[in-house]
Structures are given as structure tokens and as C-alpha cells.
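*Asks:* sharing a model that was predicted from the sequence below.
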Amino acid sequence: MVRIISALILAVTAACASAAEPLTLVDNPPDRHIVVKGDTLWDISGKFLKQPWRWPEIWQMNKEEIKNPHWIYPGDIILLDTSSGSPRLKMAKRVTGQNAKIQPTVYSTPGQQVIPSIPPNVIEPFISQPLIVETNDRNSGIKITAAQEDRMLLGTGDSFYASGIPDASIEKWHVFRKGKALKDPDTGEIIAYEAFFLGNARLIKPGEPATMRVTMAKEEMARGDELIPAPPPEIITYVPHRPEREVAAKIMSIYGGVQEGGSTSVVSLTRGKNDGLEVGHVVALFRKRVSINIDDDGIRTTTPVPEERYGLAFVFRVFDHVAYALVVDSSKSVIIGDSARNP
């Protein structure tokens, strides 16, 4: 399982910055911040900016620099500079020593201490495990057909047989059980199905059926459970930025099967890669509202009022027609059917 969540890349394109409204600082911002363990870049940016997701813009870097991450570690000092009229952030020397004095220091690469962009403990379980099975998934026919020695349930170390594996070069697989349907709140169309992650398996001998072995079982597996190829490990970088295309999505589900959520909830959206969404996009959350009144005859009437923007969500994983986002800011409960659009 991928365990490495990279720090936020401190970069933004000049075009994106010029098209956006001017950066707005919070009232009485600090002139510096000393990074400590437990910080996230979203939290740090909130100490300076009223719009925390626009953190990269305040560093005034160009698009090419996005390819070269600027890492932030505990002990780094972030300085706010307003001398040029436009606010920007700079790095000072790191803080070392028991008295937290500014001292010269040699930079290393403390991979486990890098400051993440958003809370990694919240999203790590969603990075490499299957979350959904899209209705057009060509691997949807790969299933466990039998277990050795008449076993009904499978655990770590058990062998089993699977049918439909098309490529003998794929060695590592995820095992899952198809869950509830994810439906568009407006049309009722089934866009995908949730995938209940059961564990991992390895291809032992190709064929029809192929011989497999369970390498890790989170839950017991059984005949009829499905398999999809495990993605290769990768380091994912999160660059917060607004979508370049217009986004008009709805919240389909709140992870955990609940009807309402809030900050740190993981939600699925009705738009994905094919609609222009990508990892790092920030979307604003909106809710339609109605005013309820009782007239002189005692009849209840409703009047639509302007919708309310109440939060922000950070897209961290995308599929063709579905995206998953972390709610990073919310002034009220998040409800299925709420809208997600450009901030």
C-alpha cells in the first residue's frame, strides 16, 4: 500500500494567478510561522490567507517549477513579505536546537517528516485501494471461482482459483466485493458501484482458471468476490488549484454510508477525469435553499432563495466519471445532493 503522501508543491501558473481575484490576507496576519510536526499546509496557509487553497499563488512561482517540488519540513521558517505591495511568502533558515534559535543547518530529506498538504491519515486508506467499480470497467468479469480444499472462506496465505484474468504479466491484484450503487442525484443514473476492499492477492500460475494466493486479507474472501489489478506504487503530489473548466457536480455519497458529513468527510462527486477534474482541484460546496412560510390561511408555502456557499472540498483521486474529495472547510453539515462547483 502506498504510504507516502508528498507535501504540497508550492507553485502556481502566472496565468491562473492573473485571472483570479487579488490575494486577501487574514486580519492581522503573523509576519512568520515556524513549521512544527503535525502542521498541514492547508492549516498553515490559513494563518496568512483568507482562501487557504490559494497558498501556491503567494509564492509567485511559474508553471515549470511545478515539476520541482519545494518541500517544507518541521523547523522551516515561513516569512510574510508585503514590501512589494503584493503579498508573498519566503523561506528563512530552519530552527534547530532546544531553544528554537535560528541556526545554520544542513538540509536533508526527512521523508517521514515532510509536511503534507492535507491530513494524510484521513486520505491514506483511499489512495491505493479500490474505491469504485465503474459501469464500463473491462475488468469487472474477473472473479474467485473456487478455493482449494473445499474452503468456504479465504484468509491470508490461502490459495484460490480465479477466472477471466486476461494478462499473465499482472502479478498483484486487489480483491473486493461490489457494494451499493452510486447514482446521480438528479437523473438517478447509476454511474459506478462502491468497492468494499477485502485484501490483496498474487498471481501464482496463469491459466483458466488461474491459481492465486491471498497475500493480505482485511476481510474474509469468498467465491464470487471480484479482482482488479493493483496500481503500481507512486508518490502523489497535490497542487491546489481551481479547475480551468467549468465544473457542475453533485455529491453522490459520503464515505461510511452516512447521509450527512462535515469537515474531514470524504465525498464522491458526479464528475471525473472525463469532465476535466484532476487531483488537486479545489471545488466550492453549495446548497439550494427555500424559505418556508405560513400564509394567512394556514397554508405552508415555499419560496426559493439564492443558494448558499458553505464549504470547500479538495479532490485527491479521480476516475473517468467519478472523483473523491476531502471536505476541508465546512460551516454546516454536508448533504448528499449538494452542488460542487468552481470556487
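*Replies:* Good, I have the coordinates.
*Asks:* who's in contact with the nearest residue to Ile254 once chain neighbours are set aside?
*Replies:* Spatial nearest neighbour of Ile254, excluding adjacent residues (CB to CB, 6 or more residues apart in numbering): Gly261 at 4.2 Å. Yep, even glycine has a C-beta here, placed from its N, CA and C like the rest. Each residue near Gly261 by CB atoms under 8 Å, 6 or more residues apart in numbering is listed here: 254, 267, 327, 333-334.
*Asks:* most neighbours of all these, which one?
*Replies:* Across those, neighbour numbers were computed from other CB atoms under 10 Å; Val267 holds the maximum, 24 neighbours.
*Asks:* helix or strand for that one, which one?
*Replies:* For Val267, the host element (DSSP states H and E) is strand 266-269.
*Asks:* what helices and strands are in contact with that strand?
*Replies:* Here strand 266-269 touches helix 120-127, strand 248-254, strand 300-318, strand 323-330, going by 3 or more CB pairs under 8 Å, 6 or more residues apart in numbering; DSSP states H and E.
*Asks:* distance between the last one and the chain's centre?
*Replies:* Between the mean C-alpha location of strand 323-330 and the chain-wide mean there is a distance of 7 Å, by CA atoms, centre = their mean, to the nearest Å.
*Asks:* so what touches it?
*Replies:* Contacts with strand 323-330, where a contact means CB under 8 Å, 6+ apart, come from 42, 52-53, 118-119, 122-123, 126, 131, 249, 255, 261-269, 271-273, 277, 281, 283, 285, 310-318, 334, 340.
*Asks:* I'd like the average pLDDT over whatever helix or strand comes next after it.
*Replies:* With elements assigned by DSSP H and E, the helix or strand that comes after strand 323-330 is strand 334-335. Strand 334-335 carries an average pLDDT of 92.
*Asks:* surely Val133 and Ala192 touch.
*Replies:* Yes - contact criterion CB atoms under 8 Å: Val133 and Ala192 qualify, at 6.3 Å.
*Asks:* looking at the two, which one has more neighbours?
*Replies:* The neighbour comparison of Val133 against Ala192 (other CB under 10 Å) goes to Ala192, with 24 against 20.
*Asks:* host element of that one?
*Replies:* Using DSSP H and E, the element containing Ala192 is strand 190-205.
*Asks:* in that strand, what counts as buried?
*Replies:* Residues 191-201, 203 are the ones in strand 190-205 that count as buried (16 or more other CB atoms under 10 Å).
*Asks:* pick out whichever of those sits closest to Ile72.
*Replies:* Each of the buried residues of strand 190-205 was checked against Ile72 using CB to CB; the closest is Phe197, at 31.5 Å.
*Asks:* quickly list what the closest one is bridged to.
*Replies:* Beta bridges link Phe197 to Phe176 when assigned by DSSP bridges.
*Asks:* tell me if I'm right that it and Lys218 touch.
*Replies:* Yes - Phe197 lies in contact with Lys218 (CB under 8 Å); the separation is 6.2 Å.
*Asks:* these two touch, right, Thr215 and Asn200?
*Replies:* Yes - Thr215 lies in contact with Asn200 (CB under 8 Å); the separation is 4.8 Å.
*Asks:* residues contacting Gly337?
*Replies:* So Gly337 contacts 185, 250-251 (CB under 8 Å, 6+ apart).
*Asks:* min pLDDT across the residues you listed, which one?
*Replies:* Ranking these by pLDDT, Pro185 lands last with 85.
*Asks:* that one and Lys288, how far apart?
*Replies:* Look at Pro185 and Lys288: by CB to CB, to the nearest Å, they are 11 Å apart.
*Asks:* now do Gly298
*Replies:* Following CB to CB, the distance that separates Gly298 from Lys288 is 26 Å.
*Asks:* now Val267
*Replies:* 17 Å.
*Asks:* cool, Trp55 as well?
*Replies:* Computed as CB to CB, the Trp55 to Lys288 distance reads 30 Å.
*Asks:* compare those two (neighbour count), which wins?
*Replies:* Applying other CB under 10 Å to Trp55 and Lys288 shows that Trp55 carries more neighbours, namely 23 against 12.
*Asks:* three-state assignment of the closest residue to that one other than its chain neighbours?
*Replies:* In this structure, Trp55 finds its nearest non-sequential neighbour in Ser45, 3.7 Å apart by CB to CB, 6+ apart. Recorded secondary structure, Ser45: helix (DSSP: H, G, I helix; E, B strand; the rest coil).
*Asks:* now swap in Pro56 and tell me
*Replies:* Judged by three-state DSSP, the three-state class of Pro56 is helix.
*Asks:* what about it, how many residues nearby?
*Replies:* If you count neighbours by other CB under 10 Å, Pro56 ends up with 27.
*Asks:* Ala284 too?
*Replies:* Ala284 sits with 18 neighbouring residues when counted by other CB under 10 Å.
*Asks:* for it, give me its contacts.
*Replies:* 309, 311-313, 340-343.
*Asks:* tell me which element it is part of?
*Replies:* Using DSSP H and E, Ala284 falls within strand 282-294.
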